[in-house]
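Participant: A structural model of the following input is requested.
(chains A and B)
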Amino acid sequence: MFKGKKELSLGFYGPPNAGKTSIANRICKDWTGEELGNVSKIPHETREIQFKEKVEIEYKGKKLSLKIVDTPGIATKIDYEDFLKYKMNKKDAQKRAKEATQGIVEAIKWLDDMDAVIVVLDVTKNPYSQVNITIIGNLVARKIPVLIVGNKIDLKKADLKKVEAAFPEYEVVGISARFGKNMEEFYESLFRLAKKV
Amino acid sequence: MGKKNKIRGLTIQFITYTEVETLKSGERIKKLLDIILGNKIIILQGKLKSEEEARLIEDTMAMVGHVKNFKGIELAVITPDSENLSLMAKFRHGLARALGAQESITIIGPASIVREIKRDPRKIEILMNK
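Facilitator: So this is what the prediction gives:
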């Protein structure tokens, strides 16, 4: 594991509002006592790369040292008018849109610095989106190990099987970051992911 | 429906694989974005490499906010399901793949016109903005 490397850079990638920061927060809270970033119902809440170093995970006698890298959600379009629906004024919406576009560019640039990546998908959404395929395709092209996390399994519309069917070549683990559901299975998958680095 | 929201006409531009085959990645993406900025929907024979798709997203994001009324793109790639092909078709499929993934079709449109491209393994739906 790690081939002599001390700390594993673990990226959280995915479309906006899938719950990347919620999962990163849960891991950081579980093992350091501190959260990483703010979460919001409004898309593109994370517009800058945020990371926490030296997150030491000890699970069933195994240890992992992580640099958790939470990235802005990747999208192919940004319309400031979408933010107005959340009672945001025009100026703030335009600012948010501008920062979101810059965040997407940053997130893509950071791909090269990742040792392993967790692709976070919302299990209530259609997984066959080109953004999801583009993210995973880029990880494969860079030979970066991938774990797919289907988040929001607590919701009524959740369909984890659809995510599994969309990406049959990858391990998919379903969790609810909000309620901490199925985190044991997640940590086991995380250790398997780390072994592939 | 307001007057300004009416679609007065829609141009779909078909680009063959050979048209972009010899272009460098940057040139290929520029060609596609130039067409999209002309408010046209592109049907491209073949598909971009994953790295080119990422670059397309980066270049698109660099333009949002700088080009008037440009909100980004909608993008989808359809590739035939190789598991359901006959042995002969698989051979041809493999050959096509060796020639550069020409068996795929890529659809790209400006987000101001194309609201969503719903992609399922077996069908594709292009939903337009009002």
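Participant: from the chain's centroid, how far away is stretch A:189-197?
Facilitator: Computed by C-alpha atoms, centre = their mean, to the nearest Å, the separation of stretch A:189-197 from the middle of its chain amounts to 16 Å.
Participant: give the contact list for residue 115.
Facilitator: I went with chain A, as the question did not name one. By C-beta atoms under 8 Å, 6 or more residues apart in numbering or on different chains, the contact list for residue A:115 reads A:5, A:8-10, A:144-145, A:197. For the C-beta atoms, the positions are set from N, CA and C on the backbone; glycine is no exception.
Participant: if you could check chain B rather than the one you did, that'd help
Facilitator: Applying C-beta under 8 Å, 6+ apart to residue B:115 gives the contacts B:74, B:127-129.
Participant: among those residues, which are within reach of chain A?
Facilitator: residue B:74 (C-beta under 8 Å from any C-beta of the partner chain).
Participant: and of the contacts of residue B:115, the nearest to residue A:158?
Facilitator: residue B:127 (23.6 Å; C-beta to C-beta).
Participant: check contacts around that closest one.
Facilitator: With contact set as C-beta under 8 Å, 6+ apart, residue B:127 has these partners: B:114-118.
Participant: return the members of these classed as buried.
Facilitator: For the contacts of residue B:127, a burial check counting by 16 or more other C-beta atoms under 10 Å in any protein chain shown picks out B:114, B:116-117.
Participant: what's the closest of those to chain A?
Facilitator: Nearest to chain A among the buried ones among the contacts of residue B:127 is residue B:117, at 7.6 Å by C-beta to the nearest C-beta.
Participant: am I right that the closest one is in a strand?
Facilitator: Yes: under DSSP: H, G, I helix; E, B strand; the rest coil, residue B:117 sits within a strand.
Participant: and for residue B:109, the neighbour number?
Facilitator: Residue B:109 sits with 25 neighbouring residues when counted by other C-beta atoms under 10 Å in any protein chain shown.
Participant: can you say which helix or strand has it in it?
Facilitator: strand B:105-110 (DSSP states H and E).
Participant: and that strand, what does it pack onto?
Facilitator: helix B:25-37, strand B:40-45, strand B:73-78, strand B:124-128 (3 or more C-beta pairs under 8 Å, 6 or more residues apart in numbering or on different chains; DSSP states H and E).
Participant: now the last one, how far from the chain's geometric center?
Facilitator: When C-alpha coordinates are averaged (C-alpha atoms, centre = their mean), strand B:124-128 and its chain have centres 13 Å apart.
Participant: show me which of the buried ones among the contacts of residue B:127 neighbour chain A.
Facilitator: residue B:117.
Participant: any chance of the buried ones among the contacts of residue B:127 in CSV, with pLDDT too?
Facilitator: What follows is those, written out as CSV (pLDDT from 0 to 100):
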residue, pLDDT
B:114, 89
B:116, 82
B:117, 83
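Participant: what about residue B:76, distance to residue B:41?
Facilitator: For residue B:76, the distance to residue B:41 equals 11 Å [C-beta to C-beta, to the nearest Å].
Participant: okay, and the common contacts of these two?
Facilitator: Both residue B:76 and residue B:41 are contacted by residue B:107, under the criterion C-beta under 8 Å, 6+ apart.
Participant: who touches stretch B:52-63?
Facilitator: Identification of contacts with stretch B:52-63 by C-beta under 8 Å, 6+ apart yields A:74, A:76-78, A:101-102, A:104-105, A:108-109, A:111, A:130-131, A:134, A:137-138, B:25-26, B:28-30, B:32-33, B:37, B:48, B:70, B:72-73, B:75, B:108.
Participant: could you report the pLDDT at residue B:127?
Facilitator: Here the pLDDT value assigned to residue B:127 is 85.
Participant: ok, residue A:31 next?
Facilitator: Note for residue A:31: predicted pLDDT of 94.
Participant: likewise the one 4 residues further on?
Facilitator: In the predicted model, residue A:35 carries a pLDDT score of 92.
Participant: for it, list the residues it contacts.
Facilitator: Contacts for residue A:35 were tallied using C-beta under 8 Å, 6+ apart; they are A:25, A:28-29.
Participant: ok so it is a strand residue?
Facilitator: No: Residue A:35: not assigned to a strand; according to three-state DSSP it is coil.
Participant: excluding its backbone neighbours, what's nearest it?
Facilitator: Once flanking residues are discounted, residue A:35 sits nearest to residue A:25: 4.3 Å by C-beta to C-beta, 6 or more residues apart in numbering or on different chains.
Participant: quick check: which element contains that neighbour?
Facilitator: helix A:20-32.
Participant: how far does that helix sit from the chain's center?
Facilitator: Distance of helix A:20-32 from its chain centroid, counting by C-alpha atoms, centre = their mean, is 11 Å.
Participant: again with stretch A:134-146
Facilitator: Its chain's C-alpha centre and that of stretch A:134-146 lie 14 Å apart, by C-alpha atoms, centre = their mean.
Participant: try stretch A:57-66
Facilitator: Per C-alpha atoms, centre = their mean, the displacement of stretch A:57-66 from the mean C-alpha position of its chain is 20 Å.
Participant: my guess is residue A:24 meets residue A:36, correct?
Facilitator: Yes: with contact defined as C-beta atoms under 8 Å, residue A:24 counts as touching residue A:36 (4.8 Å).
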